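Trainee: Just a sequence and a predicted model for now, questions to come.
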Amino acid sequence: MLLAACGGTSDIDIGGGGGGGGNPVPENPTIDQGDLPVDGTETCGAFVCSGDVTNITFSAGALAGDPSDDSLILTGLPFDDDPLGAEFTYLTTVTGGNGIDYDIYENQEITPIPGFNRYLAIYKQTSGGEITVGVAAIEGYQEFGYSGAWYDVDDVTTSIPTLGLVGYTGDYAGTLTLDGSGALFLTDGTLRMEVDFTDSYLKGFIEDRDVYSVDGAGTLTNLARGPGTDRPTLVLNDTIITDGSFEGTVNSYKDDGSVLETGTYQGFFGGSDASVVGGLVRAIGDFDIDGDEDTDPNEDIFSARDLGVFTADCTLACP
């Protein structure tokens, strides 16, 4: 069974340790250091996780619906400046094409060193709190740097519909890191998912993907300076639903039809009659940061990893 409730285990998870200036990541028997799938033994407090994160604590502030005084503490991230866990505070909110907000947090270092120990994290819940998903990534390292991803499902869908073609719409937000450059960006997009509950299959698409730089004040700057700077549609290839959860592969494609990005995704249904869905995505492929690959043959093309989260609501033919 893929799905795990609060503090449980899972057959699959997402994320993976990065490289620190070419040095190997120390072995940790409880935290996965590789790609998907993993053995599902990683737990981080109330969450299931993978990558470099060993514990997650989230505290909502006193202002209901206002994330400005929320606190997110992540333990285990290298160079986070605090052995008891780095405190991430609210930085900004990304609003996707379907109007769903994703809160972005940044670790607050005592003596921050740009390009060395800045982490960004995304923490998102479905509207009713049924599913929580999140990711964190660092800037300034080869092999995409250190990172982690996590989820928690508080309201497990105990009775998955057995009939019907159903549509879900939502949004996506992620961290984009460049191997060799160490740059750290944010991404967003819209999610469209088609589910065949009769035959227990689903597929999906993350469309209208944009890439943003984000400064310390939380100002987002869209990098859409050319045809190569917008990411193409990411296809969540069709896969089987098992016990209310799923895992599969992702691809995006160049204009000539060749594959640009490859990766994996996982997700789970929550709420009454599978009213919501949430999940995690990891995709790797070339990225032309200036978008002028066709005009400048000497332009550097970086391998980029998009590590992010999605949530969606049932919007078509809902059970």
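Mentor: Yep, it's here.
Trainee: helices or strands next to the helix or strand that contains Asp152 in the packing?
Mentor: Assignment of secondary structure by DSSP states H and E places Asp152 within strand 147-153. Strand 147-153 sits against strand 47-51, strand 131-138, strand 259-270, strand 276-287, strand 302-316, with contacts defined as 3 or more CB pairs under 8 Å, 6 or more residues apart in numbering; DSSP states H and E. (Each C-beta comes from the backbone N, C-alpha and C, glycine too.)
Trainee: What strands line up against the particular helix or strand that has Met193 in it, and which way round?
Mentor: In this structure, Met193 is located in strand 184-196 according to DSSP H and E. Take DSSP bridges as the rule and strand 184-196 pairs in its sheet with strand 165-179 (antiparallel), strand 201-214 (antiparallel).
Trainee: Just name the most buried of the ones you listed.
Mentor: Looking across those with neighbours counted as mean count of other CB atoms under 10 Å, the highest average goes to strand 165-179: a mean of 23.
Trainee: Can you show me the CA trace of that one as PDB?
Mentor: What follows is strand 165-179 as a C-alpha-only set of coordinates in PDB (Å, rounded to 0.1, in the frame of the first residue of the first chain):
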ATOM      1  CA  LEU A 165     -14.400   9.400 -15.500                       C
ATOM      2  CA  VAL A 166     -13.400  12.300 -13.200                       C
ATOM      3  CA  GLY A 167     -11.500  15.500 -13.700                       C
ATOM      4  CA  TYR A 168      -9.300  17.400 -11.200                       C
ATOM      5  CA  THR A 169      -7.700  20.800 -11.600                       C
ATOM      6  CA  GLY A 170      -5.100  22.500  -9.400                       C
ATOM      7  CA  ASP A 171      -1.700  24.000  -9.300                       C
ATOM      8  CA  TYR A 172       1.900  23.100  -9.000                       C
ATOM      9  CA  ALA A 173       4.900  24.800  -7.400                       C
ATOM     10  CA  GLY A 174       8.500  23.700  -7.200                       C
ATOM     11  CA  THR A 175      12.200  24.400  -6.700                       C
ATOM     12  CA  LEU A 176      14.400  24.400  -9.800                       C
ATOM     13  CA  THR A 177      18.100  23.900  -9.200                       C
ATOM     14  CA  LEU A 178      20.800  23.800 -11.900                       C
ATOM     15  CA  ASP A 179      23.700  21.300 -11.700                       C
END
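Trainee: and that strand with strand 259-270, angle?
Mentor: Regarding strand 165-179 and strand 259-270, their directions subtend 130 degrees when assessed with axes from the mean of the first three to the mean of the last three CA atoms, to 10 degrees.
Trainee: The least confident helix or strand in the chain by mean pLDDT: partners in the sheet, and parallel or antiparallel?
Mentor: Lowest on mean pLDDT, DSSP states H and E among the helices and strands of the chain sits strand 43-44, with a mean of 76. In the sheet containing strand 43-44, the strands it pairs with under DSSP bridges are strand 47-51 (antiparallel).
Trainee: Which SSE is immediately downstream of the strand it pairs with?
Mentor: Sequence-wise, the next helix or strand downstream of strand 47-51 (DSSP H and E) is strand 55-59.
Trainee: Please compute how far that following strand lies from its chain's middle.
Mentor: With CA atoms, centre = their mean, to the nearest Å as the basis, the distance from the averaged C-alpha position of strand 55-59 to the chain average is 17 Å.
Trainee: Name every strand pairing with the helix or strand following it and say which way it goes.
Mentor: Later in the chain than strand 55-59, the nearest helix or strand by DSSP H and E is strand 71-75. Strands that pair with strand 71-75, judged by DSSP bridges, come out as strand 55-59 (antiparallel), strand 86-95 (antiparallel).
Trainee: so who does Leu84 touch?
Mentor: Leu84 makes contact with Thr75, according to CB atoms under 8 Å, 6 or more residues apart in numbering.
Trainee: For stretch 77-86, list every residue counted as buried.
Mentor: 77-81, 85-86 (16 or more other CB atoms under 10 Å).
Trainee: quick one on the thing from earlier: can you say which of the strands paired with strand 71-75 is packed in most?
Mentor: Neighbour counts averaged per stretch over these are highest for strand 86-95, at a mean of 19; criterion: mean count of other CB under 10 Å.
Trainee: orientation of it relative to strand 131-138 in degrees?
Mentor: Between strand 86-95 and strand 131-138, the angle formed by their directions is 110 degrees, by the same axes, to 10 degrees.
Trainee: which residues touch strand 86-95?
Mentor: Contacting residues not belonging to strand 86-95 are listed as 67-75, 77, 80, 101-109, 119-121, 136, 173, 186, 188, 212, 214, 218-220 [CB under 8 Å, 6+ apart].
Trainee: which element follows it toward the C-terminus?
Mentor: Past strand 86-95, further along toward the C-terminus, the next helix or strand under DSSP H and E is strand 101-107.
Trainee: could I have that next one exported to PDB, CA atoms only?
Mentor: Extracted C-alpha coordinates of strand 101-107, given in PDB (Å, rounded to 0.1, in the frame of the first residue of the first chain):
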ATOM      1  CA  ASP A 101      -1.600  29.700  -3.400                       C
ATOM      2  CA  TYR A 102       1.700  28.000  -2.400                       C
ATOM      3  CA  ASP A 103       3.600  29.500   0.500                       C
ATOM      4  CA  ILE A 104       7.300  29.900   0.100                       C
ATOM      5  CA  TYR A 105       9.600  29.800   3.200                       C
ATOM      6  CA  GLU A 106      13.300  30.700   3.500                       C
ATOM      7  CA  ASN A 107      15.800  29.600   6.200                       C
END
